[in-house]
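1. dropping the sequence and predicted coords here.
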Amino acid sequence: MAEQLQYKCPCCGGNIEFDSTIQKMKCPFCDTEFETETLKAYDEVLQNEQPDDMTWNTDAQNGWQEGETEGMRVYICESCGGEIIAEEVTGATRCPFCDNPVIMSGQFADELRPDCIIPFQLDKQAAKEAFKRHLKGKRLLPKVFKNETHIDEIQGVYVPFWLFDADAEADMRYRATRVRSWSDSNYIYNEVSHFLVLRSGTLSFAGVPADGSSRIADELMESIEPYNTGATVDFQTAYLSGYLADRYDVSAESNQKRANERIRVSTGQMFDSTVTGYATVTPENCNIRLTNSKARYALYPVWLMQTSWNGQQYTFAMNGQTGKFVGDLPVDKSAYWKWLGGLTAGYGLLAFVIGFLSWVL
């Protein structure tokens with residue numbers, strides 16, 4: 001059975017057909033006319049479009065060298081199951097993810113060695129000061145959060161990340177319009193011209209990050225970005241001294257979707273910025289093909305704090321390189337109602353004064 005090819009009107013979305021009387025394509029709904037050569041060129045564009053190809057080469061290359069993991073141990077949190085890498089001499093510590101005590105499980109052994117690392121640039125004191133600044137001016141904050149003992153529980157953790165590098169060859173198609181207006185003594189006229197706008201090019205991406213730990217919310221880690229990737233160095237176990245390191249439990253393959261999303265958004269924004277001079281611009285299609293793709297395993301420095309209040313847990317994080325600090329805070333309900341009552345009373349008094357003055361005047 002032969003297929004019937006249908007064209008959609010860019011003005012109203014209706015099916016356009018060939019009108020033999022005018023020898024043009026015409027929309028029966030809005031009477032817009034189209035040259036057949038224009039639609040032929042549009043057909044050629046659609047036929048030449050290539051599908052997405054956003055697959056990655058995620059084969060692990062680096063393994064631990066003999067003797068490199070001596071003196072390293074894995075600590076297991078019996079509460080959340082977190083696996084934390086630390087030095088053999090590390091004493092009792094607490095889980096940076098749920099704040100429960102952790103116990104040493106055994107000798108460290110892992111088949112995949114980090115490719116690179118961003119060393120900590122800020123110490124615990126800087127994290128404590130950032131936490132204090134985060135609390136400053138929060139009148140409705142429970143007093144427990146201002147207790148100095150909670151600040152001492154901030155821990156420096158190297159969080160696993162997958163860094164995705166690739167060249168992205170992209171083709172974008174837009175539908176755009178320009179409007180010309182004029183008038184006479186009787187009418188106002190608007191002439192709308194429709195355009196098919198094409199953009200093609202290649203962008204290079206280096207170090208697109210994706211969190212390799214399921215124990216830390218992706219939103220939390222992304223909120224303390226960006227990192228200065230120029231400070232990335234080859235991994236050495238010496239950088240772990242004095243800190244904890246989270247073992248990745250989300251593979252590079254599982255993070256491909258997230259990396260592709262970030263690349264697609266960045267590519268779209270870059271191409272969108274080049275389509276100017278139109279009244280309206282509507283993206284219609286985006287095709288991306290990746291080449292020279294690879295994934296690297298990296299450790300990024302993060303200061304983490306876990307604390308709880310009224311049965312709810314709160315997590316705070318600070319970028320161990322730049323100092324960017326984030327975290328949600330609870331509200332003391334009793335303080336809130338007192339504040340609201342005072343605010344209501346204040347507005348009531350202000351309304352009374354305004355009303356009295358209006359009556360007097």
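-> Cool, the structure landed.
2. what is whichever strand or helix holds residue 301 packed up against?
-> Taking DSSP states H and E as the criterion, residue 301 maps to strand 280-309. If you count contacts as 3 or more CB pairs under 8 Å, 6 or more residues apart in numbering; DSSP states H and E, strand 280-309 packs onto strand 116-117, helix 124-135, helix 148-151, strand 155-183, strand 188-211, helix 256-272, strand 312-319. Any C-beta I mention is one placed from the backbone N, CA and C, and that applies to glycine too.
3. can I get those in TSV with mean pLDDT and mean neighbour count?
-> Output for the helices and strands packed on strand 280-309, formatted as TSV (pLDDT from 0 to 100; neighbours: other CB atoms under 10 Å):
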stretch	mean pLDDT	mean neighbour count
strand 116-117	93	20
helix 124-135	88	16
helix 148-151	54	14
strand 155-183	92	19
strand 188-211	91	14
helix 256-272	93	16
strand 312-319	86	19
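4. closest one to residue 292 among the ones you listed?
-> With distances scored as CB to CB, the stretch of these nearest to residue 292 is strand 155-183 (5.0 Å).
5. angle of that closest one against strand 312-319?
-> Angle between the axes of strand 155-183 and strand 312-319 is 80 degrees (criterion: axes from the mean of the first three to the mean of the last three CA atoms, to 10 degrees).
6. note down every partner strand of strand 155-183 and its orientation.
-> Paired strands of strand 155-183, with direction, are strand 188-211 (antiparallel), strand 244-246 (parallel), strand 280-309 (antiparallel) (DSSP bridges).
7. do you know which of those strands lies nearest residue 136?
-> With CB to CB as the criterion, residue 136 lies closest to strand 280-309 of the strands paired with strand 155-183, at 16.1 Å.
8. quick one: the helices and strands packed on strand 280-309 as JSON lines, columns for distance to residue 239 too.
-> As requested, the helices and strands packed on strand 280-309 are exported to JSON lines (distance: least, CB to CB, whole Å):
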{"stretch": "strand 116-117", "distance to residue 239": "5"}
{"stretch": "helix 124-135", "distance to residue 239": "16"}
{"stretch": "helix 148-151", "distance to residue 239": "25"}
{"stretch": "strand 155-183", "distance to residue 239": "8"}
{"stretch": "strand 188-211", "distance to residue 239": "18"}
{"stretch": "helix 256-272", "distance to residue 239": "25"}
{"stretch": "strand 312-319", "distance to residue 239": "16"}
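9. quick one, which of those is nearest to residue 248?
-> Residue 248 lies closest to strand 155-183 among these, at 3.6 Å (CB to CB).
10. tell me how far residue 231 lies from residue 207.
-> Separation of residue 231 from residue 207 (CB to CB, to the nearest Å): 11 Å.
11. neighbours around residue 21, how many?
-> As a burial measure, residue 21 scores 6 neighbours (other CB atoms under 10 Å).
12. next, it: secondary structure please.
-> Assigned with DSSP: H, G, I helix; E, B strand; the rest coil, residue 21 falls in the coil class.
13. where in the stretch 251-361 of the chain is pLDDT low?
-> The model of the stretch 251-361 of the chain has pLDDT under 70 over residues 331-361.
14. is it true that residue 177 touches residue 194?
-> Yes - Residue 177 is in contact with residue 194 according to CB atoms under 8 Å; the separation is 5.6 Å.
15. what about the residue nearest to residue 319 when sequence neighbours are not counted, how many neighbours?
-> Spatial nearest neighbour of residue 319, chain neighbours left out: residue 224 (4.2 Å); criterion: CB to CB, 6 or more residues apart in numbering. Using other CB under 10 Å, residue 224 has 22 other residues around it.
16. hmm, residue 224 is touching residue 302, no?
-> Yes - using CB under 8 Å, residue 224 is in contact with residue 302, at 7.0 Å.
17. list residues touching both of the two?
-> By CB atoms under 8 Å, 6 or more residues apart in numbering, residue 224 and residue 302 have these common neighbours: 317, 318, 319.
18. now, which of the residues you listed sits nearest residue 265?
-> Minimum distance to residue 265 across the shared contacts of residue 224 and residue 302 is 21.5 Å, recorded for residue 319 (CB to CB).
19. the closest one pairs with what?
-> Bridge pairing for residue 319 (DSSP bridges) gives the partners residue 302.
20. distance of it from residue 283?
-> 33 Å.
21. ditto for residue 317
-> Going from residue 317 to residue 283 by CB to CB gives 34 Å.
22. ok, residue 272 next?
-> 7 Å.
23. quick one: contacts for the most centrally placed residue in the chain?
-> In the chain, the centroid-proximal residue (CA atoms, centre = their mean) is residue 222; its distance is 5.4 Å. Counting by CB under 8 Å, 6+ apart, residue 222 makes contact with residue 211.
24. could you point out which element follows the helix or strand where it lies?
-> Per DSSP H and E, residue 222 falls inside helix 218-223. Going down the chain from helix 218-223, the next helix or strand is strand 233-234, by DSSP H and E.
25. okay, and the beta partners of residue 172?
-> residue 199, residue 286.
26. hmm, it is touching residue 198, no?
-> Yes - Residue 172 sits in contact with residue 198 when judged by CB under 8 Å, with a separation of 7.2 Å.
27. related to what we said a few turns ago, Serialize the shared contacts of residue 224 and residue 302 to a markdown table and add fields for distance to residue 278.
-> Shown next, in a markdown table, are the shared contacts of residue 224 and residue 302 (distance: CB to CB, whole Å):
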| residue | distance to residue 278 |
| --- | --- |
| 317 | 42 |
| 318 | 44 |
| 319 | 39 |
